[in-house]
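Colleague: no sequence on hand, only this structure:
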């Protein structure tokens, strides 16, 4: 009889241990003083952890209205509960709200919650680069006190071989209003300079709350941030990816999907407005990294969009705006170097040279090739001109993410290249601010005289310098090298690792419009034998 009782006690304990029991709480990416996505898009989600099968009631209230909205969820077998509120539940604005979750006798509460636009900022070290490391850091940190309606959150560094449902660690910086403390953390911590300057300038234009989630890790390739399904689309053998190379040991984790699993998946149930990205330096280390980036990067964007849309029950747009920074300049001691850096810059645009494009819709880009910083104490791969990077991202966001089509944001773009006469090629530009093209230098252009080499992205062979000999309006006339018996067949611009005159300071490339640089490009020449 005693043995039978012991058996039933053990059986009961086993059954209890097999049923997940968790106290009611919000997800670790939630907190007091946060910003949730508001407005009239597709609604927004609130989620957290609870006891399996328990009912959770969620209420949104304010000091003036004690029951603005209410929703109910049932905790799933994975201990997750999620409620979705419909569009226009709460408008973007400066009213403070309280969100309360109740399950039986348990209660969790978030206070001082604002509704605005929520942006995710991700990438490697140039996104991790803190405000305290940027130029004029002391002044910028003090000025952050003027923007309490921008709220910031920094995800702790973590990798995982499998997807995590919730953040596995407490945040490096929990939700906080912008201030000299929350923005002025130590180097490589909080808060991201690129993310901050982007949002600060955007706030001045939009004038409603913005929430920023920084999730970044230095020295990491895009494959670490990509899902397994996304990687399969770029490799016949998903296990044979560039991230699995044992020769790559510098920087942060390089394992495929390890940061997707730990630092992106736990955020997917957050309704967001958009994302900004600063990454690519780690993908210049080998030819494989560089060439595959033209597939892995746009595929990663598409994957993020579809997964966010699915996990937020369509409350995040399936085509949410995505901005990125085109790689800047480093290793300027040999300004003739090509290597893989220009290839990655080109690949960042899916080999189109500009965005948006058919493979990268609703995407905007901040060109940074003219913002090299050879004197950076953090090594020259980490330029300190993050204010200008943030401003350029903001301009792209206004035009693409917010439909302010009158905003000039692209810089000049190549329109045509044609043989003008025996001595010159006419290089025409479009997308000009007030139809004006600015010429700062005569160098930066090259012409290709060997058909076989014109689209080899990493070589000098077959190419020769083609200085600007004259210009009129939006057309620059490039000098043809008459010693070649054939061609030229193509033109390329700023196709070097360090192509601009960084020794003179920032913004010293050859061609600008409205103060914005033309991005590097390759373009075939028509009528090349005329």
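Modeller: Ah, there it is. All figures in this text were calculated on a predicted structure; none of them were measured in a lab. Numbering: from 1, shown residues only.

Colleague: ok, which stretches of the stretch 151-300 of the chain are helices?
Modeller: Along the stretch 151-300 of the chain, counting by DSSP state H, counting those that start in this stretch, helices occupy 180-183, 193-206, 228-232, 258-259, 287-311.

Colleague: and the ones you listed, which is most packed in?
Modeller: helix 258-259 (a mean of 26; mean count of other C-beta atoms under 10 Å). Quick note: C-beta positions are derived from backbone N, CA and C, even for glycine.

Colleague: just to revisit the earlier point, turn the helices of the stretch 151-300 of the chain into a markdown table, including mean pLDDT.
Modeller: Output for these, formatted as a markdown table (pLDDT from 0 to 100):
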| stretch | mean pLDDT |
| --- | --- |
| helix 180-183 | 98 |
| helix 193-206 | 98 |
| helix 228-232 | 97 |
| helix 258-259 | 98 |
| helix 287-311 | 95 |
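
Colleague: nearest to residue 46, out of those helices?
Modeller: Relative to residue 46, the nearest member of the helices of the stretch 151-300 of the chain by C-beta to C-beta is helix 287-311, separated by 13.1 Å.

Colleague: quick one: that closest one to chain centroid distance?
Modeller: What separates the centre of helix 287-311 from the centre of its chain is 11 Å, taken as C-alpha atoms, centre = their mean, to the nearest Å.

Colleague: same question, stretch 90-104
Modeller: Distance, centroid of stretch 90-104 to centroid of chain: 28 Å (C-alpha atoms, centre = their mean).

Colleague: cool, stretch 392-409 as well?
Modeller: The mean C-alpha position of stretch 392-409 is separated from the chain mean by 16 Å, C-alpha atoms, centre = their mean.

Colleague: so where's the stretch 1-150 of the chain shaky on pLDDT?
Modeller: In the predicted model, the stretch 1-150 of the chain carries pLDDT under 70 at residues 1-22.

Colleague: show me where it has helices.
Modeller: Taking DSSP H, counting those that start in this stretch as the criterion, the stretch 1-150 of the chain carries its helices at 2-18, 125-128, 137-143.

Colleague: and for the stretch 351-500 of the chain?
Modeller: 386-396.

Colleague: the helices of the stretch 151-300 of the chain into CSV, with extra columns for distance to residue 62?
Modeller: As requested, those are exported to CSV (distance: least, C-beta to C-beta, whole Å):
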stretch, distance to residue 62
helix 180-183, 24
helix 193-206, 22
helix 228-232, 40
helix 258-259, 37
helix 287-311, 27
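
Colleague: quick one: closest of those helices to residue 163.
Modeller: Using C-beta to C-beta, the nearest of the helices of the stretch 151-300 of the chain to residue 163 is helix 228-232, at 9.4 Å.

Colleague: show me what the closest one is packed up against.
Modeller: Helix 228-232 sits against helix 287-311, with contacts defined as 3 or more C-beta pairs under 8 Å, 6 or more residues apart in numbering; DSSP states H and E.

Colleague: for residue 145, which of the helices of the stretch 151-300 of the chain is the nearest?
Modeller: Residue 145 sits nearest to helix 180-183 of all the helices of the stretch 151-300 of the chain, at 5.6 Å, using C-beta to C-beta.

Colleague: got a list of contacts for that closest one?
Modeller: With contact meaning C-beta atoms under 8 Å, 6 or more residues apart in numbering, helix 180-183 is reached by 131, 140-142, 144-145, 152, 173, 176, 190-191, 196.

Colleague: go again with 10 Å.
Modeller: Applying C-beta atoms under 10 Å, 6 or more residues apart in numbering, the contact partners of helix 180-183 are 33, 130-132, 137-138, 140-145, 147-148, 150-154, 173-177, 190-193, 196, 200.

Colleague: only the buried subset of the residues you listed, as a PyMOL command please.
Modeller: To isolate the buried ones among the contacts of helix 180-183 in PyMOL, judged by 16 or more other C-beta atoms under 10 Å, type:
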select buried, resi 33+130+131+132+137+140+141+144+147+148+150+151+152+153+154+173+174+175+176+177+190+191+192+193+196+200
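
Colleague: tell me which of the contacts of helix 180-183 fall in strands.
Modeller: Counting by DSSP state E, the contacts of helix 180-183 place 150-154, 173-177 in strands.

Colleague: and of the residues you listed, the nearest to residue 381?
Modeller: residue 154 (21.6 Å).

Colleague: what two of the ones in strands among the contacts of helix 180-183 are the furthest from one another?
Modeller: 150 and 174 (15.1 Å).

Colleague: and residue 375, how far from residue 304?
Modeller: Distance from residue 375 to residue 304, counting by C-beta to C-beta, to the nearest Å: 35 Å.

Colleague: please apply the same query to residue 432.
Modeller: 33 Å.

Colleague: repeat that for residue 442.
Modeller: Taken as C-beta to C-beta, the span from residue 442 to residue 304 is 42 Å.

Colleague: in this structure residue 130 contacts residue 196, no?
Modeller: Yes: Residue 130 is within contact range of residue 196, at 8.8 Å (criterion: C-beta atoms under 10 Å).

Colleague: list residues touching both of those two?
Modeller: Here residue 130 and residue 196 have 141, 183, 190, 214, 386 as joint contacts, going by C-beta under 10 Å, 6+ apart.

Colleague: identify the farthest-apart pair in the residues you listed.
Modeller: Farthest-apart pair in these is 141 and 214; separation 15.9 Å (C-beta to C-beta).

Colleague: is residue 274 bridged to anything, and to what?
Modeller: Counting by DSSP bridges, residue 274 is bridged to residue 119.

Colleague: next, count neighbours for residue 422.
Modeller: 8 (other C-beta atoms under 10 Å).

Colleague: before we move on, what about residue 216?
Modeller: Neighbours of residue 216 (other C-beta under 10 Å): 28.

Colleague: next: the one 3 residues further on.
Modeller: For residue 219, the neighbour count with other C-beta under 10 Å is 18.

Colleague: just confirm it contacts residue 127, I think it does.
Modeller: No: with contact defined as C-beta under 10 Å, residue 219 does not count as touching residue 127 (11.7 Å).

Colleague: quick one: residues contacting the nearest residue to residue 156 once chain neighbours are set aside.
Modeller: Ranked by C-beta to C-beta, 6 or more residues apart in numbering and with sequence neighbours excluded, the top spatial neighbour of residue 156 is residue 169, at 4.0 Å. Residues in contact with residue 169 (C-beta under 10 Å, 6+ apart) are 28, 155-158, 262-263, 266.

Colleague: for residue 182, see how far away the most centrally placed residue in the chain is.
Modeller: By C-alpha atoms, centre = their mean, the chain has its centre lying nearest to residue 277, at 1.3 Å. Per C-beta to C-beta, residue 277 is found 22 Å from residue 182.

Colleague: again, but for residue 42
Modeller: Residue 42 is 29 Å from residue 182, by C-beta to C-beta.
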